[in-house]
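Asks: Here is the input, now give the coordinates:
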Amino acid sequence: MTMDLLASFTSPIHIGTDWTAMLWMFPLLAAIAIIYKATKMRVVFWGRFIRETLVLFGTLSVFMVAAIVVLNLITWLAAS
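Replies: Numbers count the residues shown, from 1 in each chain. The predicted model follows:
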């Protein structure tokens, strides 16, 4: 059983590049926003913490979607 667990780390999971696969970035962005705000706030007030986390999550999401669109556009222009 231990060897099976260790072997699973040697073969990465294939994640495609279609639009549905890109949705996997949102849980990662949520985790990044929560952990970043939890470590940067000196005193955690829940209302302020949730508000700032949502703002950071929204900012990261908008930037990542914009980056995806720009990179896909550059790839499309380079291929044609």
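Asks: Can you give me the neighbour number for the closest residue to Ser61 other than its chain neighbours?
Replies: Distances taken as C-beta to C-beta, 6 or more residues apart in numbering put Leu29 closest to Ser61, at 5.8 Å, once the chain neighbours are dropped. C-beta coordinates here come from the backbone N, C-alpha and C atoms, glycine included. Leu29: 17 surrounding residues under other C-beta atoms under 10 Å.
Asks: how about the helix or strand where Leu54 lies: buried residues?
Replies: Assigned by DSSP states H and E, Leu54 belongs to helix 46-79. Buried residues in helix 46-79, counted by 16 or more other C-beta atoms under 10 Å: 52-53, 56-57, 60.
Asks: May I see these arranged in a markdown table, with distance to Trp46 and pLDDT as well?
Replies: Putting those into a markdown table (distance: C-beta to C-beta, whole Å; pLDDT from 0 to 100) gives the following:
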| residue | distance to Trp46 | pLDDT |
| --- | --- | --- |
| Glu52 | 11 | 96 |
| Thr53 | 10 | 97 |
| Leu56 | 16 | 97 |
| Phe57 | 16 | 98 |
| Leu60 | 21 | 97 |
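Asks: picking up where we left off before, who touches the residue nearest to Ser61 in this structure?
Replies: Each residue near Leu29 by C-beta atoms under 8 Å, 6 or more residues apart in numbering is listed here: 57, 60-61, 64.
Asks: Which one of those residues is nearest to Ala21?
Replies: Met64 (13.5 Å; C-beta to C-beta).
Asks: My understanding was that the closest one contacts Met25; is that so?
Replies: Yes: applying C-beta atoms under 8 Å, one finds Met64 in contact with Met25, separated by 5.9 Å.
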